[in-house]
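Engineer: Got a predicted model here, sequence first, then my questions.
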Amino acid sequence: MPQVSRRGVLAAIVGIGAVGGLAGLELNSKPRLLGLNEIQARESALAWSGKIKSFELSARLAKIDLGGKIASTWVYGDSLPGKTIRVNKNDRVKISFTNELITPTSVHWHGLAIRNDMDGVPRITTPEVLPGHNFDFDFITPDSGTYWFHPHSGTQLDRGLYAPFIVDDPNEDTKYEREWILILDDWTDGIGKNPDEILTDLMQGTSDTSSMAGMDMGSMSGMDSGDITYPMYLINGRPKNDPDLLTVRPGERIRIRVINAAADTIFHVALAQHMMTITHSDGFPVKPYNTALLRVGMGERYDVVVTVGDGVFPFVAEPVGKPDIARALIRSGSGSAPAETFRPNELSDTPLTAYSLQAVEKVRLPTRKPDRIHDLLLTGSMNPYQWKINARLYPDIKPLTVKAGEMCRLRIRNMSMMPHPIHLHGHTFQLGSAGGSGARKDTVLVPPMGGVNVDFLTANPGRWMIHCHNAYHAEAGMMTRLEYTA
Ligand SMILES: [Cu+2]
């Protein structure tokens, strides 16, 4: 497929700089934020495949069957999860979105470094979509990989509003015969309290402690809990008594794309009696790494390849620090599935995290000292239920500013006793330093009292959210913004 490359990325950066220079002549006390002109210039500079892919999407109320329990909830289309959107790298994607809910909503394309005004954050990037109204998304997808979409409105992502967004690279070299997308979730809506009620309880300090996960920091190196114990955990919208089933032949290589769409749950995932070869993290390729057990924080994605043995094997997702389990099944031969509560031995292994992975050479950022360093200090407590970045509660924040064309370093330090999956919109950073061996990611799980440095190139102008991907932490204040200035 011919790639229509209009202008190089470097040219776009120079262009933005020139526009910014002119704006600098204005007598503003505050630096001018880069806006639509610069966003448009960056979009024009992206390679375009020449193809336009069009989709219709709606958010609506639905009743879903959770293993025999009927739950009223909110979904995309008619199913949980919503239908996968699938395009090729560098395609132009048009999505006509209709809000059939009774409340305003939004759609955020998680992990995709698309143009800022299509990022789907109400009041910051993209108009909120009112009930009965429509918004037409239109953007080029610059990078291949496993992504997903969800609302950026309150606790709506803890309802059923989520679906995979897969961007294929026609020239990709990962070898496999079959693919399986597994989207993990913690579930309460329609069978327990709804997410708004849970948030109110947390904020008022009236949470029923029996429904709250223990703050047990002694085990699993402190990486154990979210704040809420859910009545159910799901893979592909199915609870453990009604698991999704993939039927294959023995010896087939399966690429499994794992997406954690949960609001408050880190999962440990394993395929019973198999090793998994990790090939991608947050859409970007890593040097293949074999593990029996993988830790997936909220918002993170991992692609793994497995060679299936002969039999029936549960793929399990254990909510870390919480009771219960979610599962799906692979069948390649005769035999019956183990009991629904079966916990494979792999769950006792040491889980792999992104910190052990290495980016493949071609996706490493250029080796470069940071032009700018920003600190992100994470603090908070359960009572009062407040989670902060740099001692501020969103929206009372001081945005982090950058200029286009910089190598920016975020020094993230977690001074709280909870793990926080920190997500940067519109960019994919490199763990450690630019040009080093760290994985490229957009969401990184920062352990309690731990920290990480990440570097990224400021090549996508606009105003971007940085926040904890625990939906309740985000709503309780743990968000800030990265803003491009002239
Ligand atoms: Cu958090």
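Structural biologist: That came through, no problem.
Engineer: what does the average pLDDT come to for the helix or strand where residue 97 lies?
Structural biologist: Following DSSP states H and E, one finds residue 97 within strand 92-99. The average of the pLDDT scores along strand 92-99 is 98.
Engineer: Which residues are in contact with the residue in the stretch 301-450 of the chain positioned nearest to the ion?
Structural biologist: Residue nearest to the ion within the stretch 301-450 of the chain: residue 420 (3.4 Å; CB to the ion). (C-beta placed from N, C-alpha, C; glycine too.) Counting by CB atoms under 8 Å, 6 or more residues apart in numbering, residue 420 touches 378, 387, 414, 445, 446, 468, 470, 473, 478.
Engineer: cool, and residue 336?
Structural biologist: With the criterion set at CB under 8 Å, 6+ apart, residue 336 makes contact with residue 312.
Engineer: Rebuild the contacts of residue 420 as JSON lines, extending it with distance to the ion, pLDDT and neighbour count.
Structural biologist: Formatted as JSON lines, the contacts of residue 420 follow (distance: CB to the ion, whole Å; pLDDT from 0 to 100; neighbours: other CB atoms under 10 Å):
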{"residue": "378", "distance to the ion": "7", "pLDDT": "98", "neighbour count": "24"}
{"residue": "387", "distance to the ion": "5", "pLDDT": "97", "neighbour count": "26"}
{"residue": "414", "distance to the ion": "9", "pLDDT": "97", "neighbour count": "23"}
{"residue": "445", "distance to the ion": "10", "pLDDT": "97", "neighbour count": "25"}
{"residue": "446", "distance to the ion": "9", "pLDDT": "97", "neighbour count": "22"}
{"residue": "468", "distance to the ion": "3", "pLDDT": "98", "neighbour count": "29"}
{"residue": "470", "distance to the ion": "4", "pLDDT": "97", "neighbour count": "27"}
{"residue": "473", "distance to the ion": "3", "pLDDT": "97", "neighbour count": "29"}
{"residue": "478", "distance to the ion": "5", "pLDDT": "98", "neighbour count": "27"}
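Engineer: Would you point out the most distant pair within these?
Structural biologist: Taking CB to CB, the two most distant members of the contacts of residue 420 are 387 and 445; they sit 15.0 Å apart.
Engineer: which residues in the stretch 301-450 of the chain form strands?
Structural biologist: Applying DSSP state E, counting those that start in this stretch to the stretch 301-450 of the chain gives strands spanning 301-307, 312-319, 326-331, 372-381, 386-389, 400-402, 407-414, 420-424, 429-431, 440-441, 443-446.
Engineer: Deepest in the core, which of those is it.
Structural biologist: Mean neighbours per residue, mean count of other CB atoms under 10 Å, is largest over these for strand 440-441, with a mean of 28.
Engineer: And the contacts of residue 420, which is closest to residue 359?
Structural biologist: residue 445 (17.0 Å).
Engineer: Is the closest one bridged to anything, and to what?
Structural biologist: residue 421 (DSSP bridges).
Engineer: got the contact list for the closest residue to residue 61 other than its chain neighbours?
Structural biologist: Spatial nearest neighbour of residue 61, excluding adjacent residues (CB to CB, 6 or more residues apart in numbering): residue 74 at 6.0 Å. The contact partners of residue 74, by CB under 8 Å, 6+ apart, come to 59, 60, 61, 62, 101, 156, 159, 160, 161, 189.
Engineer: Among those, name the buried ones.
Structural biologist: 59, 62, 101, 156, 159, 160, 161, 189 (16 or more other CB atoms under 10 Å).
Engineer: Skipping its backbone neighbours, what lies nearest the fifth one in space?
Structural biologist: Among residues not flanking residue 159 along the chain, residue 74 sits closest, at 4.2 Å (CB to CB, 6+ apart).
Engineer: so the one you found is in which element?
Structural biologist: strand 69-76.
Engineer: could you check the angle strand 92-99 makes with that strand?
Structural biologist: Relative orientation of strand 69-76 versus strand 92-99 (axes from the mean of the first three to the mean of the last three CA atoms, to 10 degrees): 130 degrees.
Engineer: Just the buried positions in strand 69-76, please.
Structural biologist: 71, 73, 74, 75, 76.
Engineer: With pLDDT and distance to residue 358 added, can I get those residues in JSON lines?
Structural biologist: Below are the buried residues of strand 69-76 laid out as JSON lines (pLDDT from 0 to 100; distance: CB to CB, whole Å):
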{"residue": "71", "pLDDT": "97", "distance to residue 358": "42"}
{"residue": "73", "pLDDT": "98", "distance to residue 358": "40"}
{"residue": "74", "pLDDT": "98", "distance to residue 358": "39"}
{"residue": "75", "pLDDT": "98", "distance to residue 358": "38"}
{"residue": "76", "pLDDT": "98", "distance to residue 358": "35"}
